[in-house]
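K.L.:
Provided below are the primary sequence and the corresponding predicted coordinates.
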Amino acid sequence: MKKILVIGSTVVDMIVNVDKLPTSKADIHIKSQKANMGGCAFNVYDIIAKFGCPNILFSPVGGGIYGGFVRNYFESNNILTPISNVKGDNGCCYCFVEESGERTFVSYHGAEYLIHRKWLDTIDSEEIHSAYICGLEIEEKTGEDIVSWLEDNRNFPVYFAPGPRMTRIDKSLLQRLFDIGVIVHLNEDEIAEYTGTGDLKRAMRELNRKTNNTVIVTTGEKGACWYDGESFYTARPVKAETVADTIGAGDSHIGAVMACLYKGMSMQKAVETANKVASRVVQTHGAQLSAEEFSAVFAD
C-alpha cells in the first residue's frame, strides 16, 4: 500500500500567551506558557495519521533539550522516522499568542531543518502516493538536496506549502519546484505578498501559470478556494465557536486535503473537510487535535 511522504521539521513549540506583543524596551508579564509538539511537517503528519492514512514522517531529530523532548514524544507514541538521531541540536519555535488568538513565531532552526540527499535516497519512490514539503527546509543550505531528489522522482504529486517566507526562497530553487509541477498551498496574505497583487483570482492564475498545477488558497473566515487552470472553486467556511490560537491551522488544512485525496475524495470534498479540521484546530491550544477533538470534526 502506497504512503504519504511528509518531509520536514519537528520542533518544540514554546507557546507563550500574552495580552499583546510587547514593544521594544517593554517589561510585561506573560499569562501562561506551555511546551507542545510542533513543526510544519509534524503538524501535517499528525493530521494525516489521524485520518488513518499510511505515511512516512521524514523528519530529522537532533540533540539537546528540544531534541530530547521530541525523541521522548516519538518513543511514547510509537512514531518512527528514518532519521531519528542526527548531529546538532534540535531547534524550537517561540509562539507568542495574543488575546485575539493571533500568533507570532520566533524560530530557532537546528538540525531538524537539514535534509540530506543521501537520506532521501533511502526512500523507495515507488511506495509513495504523494509528498508534502514546506518552504522552510527549501530555504536551508540542504534545500537543493530536497529539490534534486524530487526532480529525480516525479512519479507522485508534490504538495508545497511555502508559507509567508516564499519570497525568501532562492529563485532558482523555486523555479525548479515550479517546473516539477508542485501543488501550492498558501493563505490569502501569502499569495498576495508573493504575486504582488491583492486580486486573488489574478494571483492564483499567475501562480498556476508557473506550476501548471492546482493552486489552493485558504481565505480565513471566507473558507478556501482553488484554481485548476480552467475554473475557480470555493468551499464554504466552517465558523469557529471560539479562537484559542491559529497555530497549525494552515498545516492541518493541507494535511487534511492530502489525506482526503488519498482516500479517493474529490477536491471539493477534500477542501470542505479540511475547512472543518482547520476550524477545530483554531479552537484548540496548539497545533494538534486529540483523538476526541478529531472525532468531533465528523460529529458536527
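P.N.:
Received it, and whenever you're ready, just let me know what you need. In this text, all values refer to a predicted model and were calculated from it rather than measured experimentally.
K.L.:
quick one: least confident helix or strand in this structure?
P.N.:
Lowest by mean pLDDT, DSSP states H and E among the helices and strands of the chain is strand 103-108, with a mean of 88.
K.L.:
helices or strands next to that strand in the packing?
P.N.:
For strand 103-108, the elements it packs on are strand 92-97, judged by 3 or more C-beta pairs under 8 Å, 6 or more residues apart in numbering; DSSP states H and E. In short, each C-beta sits where N, CA and C put it, glycine included.
K.L.:
And the contacts of the strand it packs on?
P.N.:
Here strand 92-97 makes contact (C-beta atoms under 8 Å, 6 or more residues apart in numbering) with 11-18, 21, 38-39, 66, 103-108, 110, 245, 247.
K.L.:
Sort out for me which of those residues are in helices.
P.N.:
Members of those lying in helices (criterion: DSSP state H): Tyr66.
K.L.:
Produce a PyMOL select command limited to the buried residues of the contacts of strand 92-97.
P.N.:
In PyMOL syntax, the buried subset of these is picked out as below (16 or more other C-beta atoms under 10 Å):
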select buried, resi 11+12+13+14+15+16+17+18+38+39+66+103+107+110+245+247
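K.L.:
one step back: strands paired with the least confident helix or strand of the chain, and their directions?
P.N.:
Paired strands of strand 103-108, with direction, are strand 92-97 (antiparallel) (DSSP bridges).
K.L.:
Next SSE downstream of the helix or strand where Lys118 lies?
P.N.:
When secondary structure is defined by DSSP states H and E, Lys118 falls within helix 117-120. Of the helices and strands lying after helix 117-120 in sequence (DSSP H and E), the nearest is strand 128-134.
K.L.:
Who are the contact partners of Ile254?
P.N.:
44, 132, 159, 161, 185, 216, 274.
K.L.:
can you do 10 Å?
P.N.:
40, 43-44, 47-48, 132, 134, 159-161, 183-186, 216, 218, 274, 278 (C-beta atoms under 10 Å, 6 or more residues apart in numbering).
K.L.:
Give me the pLDDT value at it.
P.N.:
The model reports Ile254 with a pLDDT of 98.
K.L.:
same thing with Asp300?
P.N.:
Confidence score, pLDDT, at Asp300: 63.
K.L.:
mind listing the helices in the stretch 201-300 of the chain by residue range?
P.N.:
Ranges of helices in the stretch 201-300 of the chain, per DSSP state H, counting those that start in this stretch, are 249-262, 267-282, 291-297.
K.L.:
just checking, what packs against the shortest one?
P.N.:
When contacts are defined as 3 or more C-beta pairs under 10 Å, 6 or more residues apart in numbering; DSSP states H and E, helix 291-297 sits against helix 40-50, helix 267-282.
K.L.:
try 7 Å this time
P.N.:
Packed against helix 291-297 by the contact rule (3 or more C-beta pairs under 7 Å, 6 or more residues apart in numbering; DSSP states H and E) you find helix 267-282.
K.L.:
chain center to the helix it packs on: distance?
P.N.:
Helix 267-282 sits 14 Å away from the centroid of its parent chain (C-alpha atoms, centre = their mean, to the nearest Å).
K.L.:
and that helix, which residues are buried?
P.N.:
Residues of helix 267-282 classed as buried: 267, 270-282 (neighbour count, 16+ other C-beta under 10 Å).
K.L.:
and what of stretch 254-264?
P.N.:
Within stretch 254-264, the residues scored as buried using 16+ other C-beta under 10 Å are 254-262.
K.L.:
Same list, these, but as JSON lines with distance to Ala203 please.
P.N.:
Below are the buried residues of stretch 254-264 laid out as JSON lines (distance: C-beta to C-beta, whole Å):
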{"residue": "Ile254", "distance to Ala203": "18"}
{"residue": "Gly255", "distance to Ala203": "23"}
{"residue": "Ala256", "distance to Ala203": "23"}
{"residue": "Val257", "distance to Ala203": "19"}
{"residue": "Met258", "distance to Ala203": "22"}
{"residue": "Ala259", "distance to Ala203": "26"}
{"residue": "Cys260", "distance to Ala203": "24"}
{"residue": "Leu261", "distance to Ala203": "23"}
{"residue": "Tyr262", "distance to Ala203": "28"}
